[in-house]
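Peer 1: Structure for this input, please:
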Amino acid sequence: MIWSVITIHIFIEFFFSTSLKLHTDQDKGDGNLKYILTGDGAGSLFIIDENTGDIHAAKKLDREEKSLYVLRAKAIDRKSGRQVEPESEFIIKIHDINDNEPKFTKDLYAASIPEMSGVGTSVIQVTATDADDANYGNSAKVVYSILQGQPYFSVDPETGIIKTALPDMSRENREQYQVVIQAKDMGGQMGGLSGTTTVNITLTDVNDNPPRFPQSTYQFSSPESAPPGTPLGRIKANDPDLGENAETEYSISNGDGSDMFDIVTDKDTQEGIITVKKQLDFEKKILYTLRVEATNTHLDPRFLQLGPFKDTALVKISVEDIDEPPVFSRSSYLIEVDEDAKEGSIIGQVVAQDPDITKNTIKYSVDRHTDLDRIFNIYSGNGSLFISKPLDREETPWHNITVIATEINNPKQSSQIPVFIRILDINDHAPEFAKYYETFVCENAKAGQLIQTVSAVDKDEPPRGHKFFFELVPEFAVHPNFSIIDNKDNTAGIITRRNGYSRSKTSIYHLPIIIFDNDYPVQSSTGTLTIQVCACDSRGNMQSCNTEALLLPAGLSTGALIAILLCIIILLVLVVLFAALKRQRKKEPLIISKDDVRDNIVTYNDEGGGEEDTQAFDIGTLRNPEAREESKMRRDVLPETIFQIRRTAPLWENIDVQDFIHRRLKENDSDPAAPPYDSLATYAYEGNDSIANSLSSLESLATDGNQDYDYLSDWGPRFKKLADMYGGEESDRD
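Peer 2: Residues are numbered from 1 along each chain as shown. Purely as a prediction, here's the structure:
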């Protein structure tokens, strides 16, 4: 055997021609042997000539893909297929050449660094790798360099760390930088391969700039009527920093308007809002000056040497005049007046004035919604309040009214003020018993026994409190039956003066008592105490106070008395009902039958309705004698009196209606029982073809004097018959 394990080194750019030849001693050159190659890449990457044993590379070898190949070779007899020698193994190692450029881990880097950083401050580290063999030559040795970004930044050639190269770089001047870094192999020597990457570097903000007002003076104006809290305007100090580094706090450092105005910071816009702090008054001051200061709230100690991080500006505020309503001298008034003050008395005065420069004239009035009874009034010129009606403290101890002050030249400008009027008490009411006392004395009472304690009340309220005195009236200063003892505590006791009292002799005693008060002027009243004499048991408990009980039999109880009274009442009710029913049966209708024609005089308490009255009376029977019906009662009122019906002979046949009416008229005029007031006489026949369509209520001729009926002639043809009857027969009139 002529081979065993063989290691072969091959460069990657080279292809095999006759670079490797396998041969066995058994090969005679006659072509009887066949060479076979197996292992990594056999048949695809490495090809062997089976006759000669020459090995060739079919493709370009790449160490970065595979640096080591293990192959096995053997020779066999073509005829017998026997292996002439044991199989041999050989290894092929690929030697590296510089065929890969360095590559960065990222195509684009992003980094940031605070502005004003010192020289040499690390920013970021970039890394490039080379796929070539680092153990073979300098193919994988990488060196870094900066192609773009000088003079601001530099890079360490071995580590790839980017650093600042200039001091005090300001974000406000330039915020973004783009740096290009190159990585080159072969140690940076000429001929080496290289790769690049881009690094975007941002300068972050630090508080290195103080706030600055764009102008030194600001002007604002405000109406004097602006309420506290009203915003007047905004000012802003510019700060080129960002975020919290630009946060600014505004304040008023000094100025004559520091008490009248305030400034607050708008956190969203970093502006200072000037507002009204107190009520302004044009008449007192028309111009205010403020010194406003703007200060950074987040300071960086590293940059304090750059100067004070604050700025000031002057703010001038002018006050505008507004027509204001009158102003009272006080916020409210309290007036005290005696309740006996006379009507028209002045009790106090309110004062208001126009705060404007013009000093308009003021008129005063009382809001009548607060004084509905018009007890008080006011002089419109000077604001003096006076009484219009009497006062009564016991009825109304306080009066709360409202006074209105109005400018005469501008009635829209008005103000209101509450006025509290306290009515002071005077002693104008006499004391009286606190309540009604039901006092009794037992028949078996002993002398010196207390039977009642009385007290008094007074509507007045003296400042030192009530003090009452009790005594009997002078006529009964020494009463034979009772006496009074003043307890000195606004109460008094009623004491018996003798032993035993008799209901049969005197059942009730009246004891007049005088009650005095202790105020000035002294008021007094007399109250009469009613004392009943009652029967009591041995313990003094009342049993009966009725004198009637003495006259009743000893065995008759109270229940028996009540039963007797109920029986009497029931009997009286039955008698009244029986009498009413009997009287109702005696009543008869006005007309008993159709054939009974007679006069009916019925009294009503209403006035006749005339021709238009078709509901109160039915006069249809006057128009047709055949239409006679039963007597009809009035349908509108209930008659008070029904007179006895006088029977007359029937006169229906062959009688003139005029003669019939005259006869009935005479009968009624001569009847002493005829009523001297309006009534209705019902007749059953008016006459055939009468021109009278309606007949009104007839007035009785039974009067104290003559009546004149000449006016009936002026009423037309309907009343001609009446005019002839009453106008020509004077003898029928009384």
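
Peer 1: partner residues bridging Asp77?
Peer 2: Leu33 (DSSP bridges).

Peer 1: Quick check, it in contact with Val84.
Peer 2: Yes: Asp77 sits in contact with Val84 when judged by CB atoms under 8 Å, with a separation of 5.8 Å. All C-beta atoms are positioned from the backbone trio N, CA, C, and that covers glycine.

Peer 1: In this structure, which strand is the longest?
Peer 2: strand 524-536 (DSSP state E).

Peer 1: What pairs with the helix or strand following that one, parallel or antiparallel?
Peer 2: Using DSSP states H and E, the helix or strand that directly follows strand 524-536 along the chain is strand 542-544. According to DSSP bridges, strand 542-544 forms sheet pairs with strand 524-536 (antiparallel).

Peer 1: most residues in a single helix of the protein, which one?
Peer 2: helix 558-585 (DSSP state H).

Peer 1: before we move on, back to that, just the CA coordinates of the longest strand of the chain, formatted as PDB?
Peer 2: Only the C-alpha atoms of strand 524-536 are listed here, as PDB (Å, rounded to 0.1, in the frame of the first residue of the first chain):
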ATOM      1  CA  SER A 524    -102.500  95.600  87.100                       C
ATOM      2  CA  SER A 525    -105.600  93.600  86.400                       C
ATOM      3  CA  THR A 526    -108.400  91.900  88.300                       C
ATOM      4  CA  GLY A 527    -109.100  88.300  87.800                       C
ATOM      5  CA  THR A 528    -112.000  86.500  89.400                       C
ATOM      6  CA  LEU A 529    -111.500  83.000  90.700                       C
ATOM      7  CA  THR A 530    -114.600  80.800  90.700                       C
ATOM      8  CA  ILE A 531    -114.700  78.400  93.600                       C
ATOM      9  CA  GLN A 532    -117.200  75.600  93.600                       C
ATOM     10  CA  VAL A 533    -118.300  73.800  96.800                       C
ATOM     11  CA  CYS A 534    -118.100  70.100  96.300                       C
ATOM     12  CA  ALA A 535    -118.800  67.000  98.300                       C
ATOM     13  CA  CYS A 536    -115.600  65.100  99.100                       C
END
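
Peer 1: hmm, who's touching that strand?
Peer 2: 430-433, 437-445, 451-452, 454, 473, 482, 494, 501-503, 506-517, 542-545, 549 (CB atoms under 8 Å, 6 or more residues apart in numbering).

Peer 1: roughly how far is it from the heart of the chain?
Peer 2: Distance of strand 524-536 from the chain centroid (CA atoms, centre = their mean, to the nearest Å) equals 60 Å.

Peer 1: now do stretch 454-462
Peer 2: 46 Å.

Peer 1: can you pull the buried residues of it?
Peer 2: For stretch 454-462, the neighbour count (16 or more other CB atoms under 10 Å) marks Val454, Ser455, Ala456, Asp458, Asp460 as buried.

Peer 1: Serialize the residues you listed to a markdown table and add fields for secondary structure.
Peer 2: Shown next, in a markdown table, are those (DSSP: H, G, I helix; E, B strand; the rest coil):
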| residue | secondary structure |
| --- | --- |
| Val454 | strand |
| Ser455 | strand |
| Ala456 | strand |
| Asp458 | coil |
| Asp460 | coil |
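
Peer 1: With respect to Leu193, which of those residues is nearest?
Peer 2: Asp460 (123.0 Å; CB to CB).

Peer 1: Who are the contact partners of that closest one?
Peer 2: Listed by CB under 8 Å, 6+ apart, the contact partners of Asp460 are Glu394, Asp425, Ile426, Asn427, Asp428, His429, Asp517, Asp519, Gln523.

Peer 1: which of these lies closest to Phe104?
Peer 2: Nearest to Phe104 among the contacts of Asp460, counting by CB to CB, is Asp425 at 106.0 Å.

Peer 1: just checking, that closest one touches Glu336?
Peer 2: No: applying CB under 8 Å as the test, Asp425 and Glu336 come out as separate, 10.8 Å apart.

Peer 1: dump the residue contacts of the closest residue to Phe261 other than its chain neighbours.
Peer 2: Leaving aside its sequence neighbours, Phe261 sits nearest to Lys277 (CB to CB, 6 or more residues apart in numbering; 5.3 Å). By CB under 8 Å, 6+ apart, Lys277 lies in contact with Pro228, Asp259, Met260, Phe261, Asp262.
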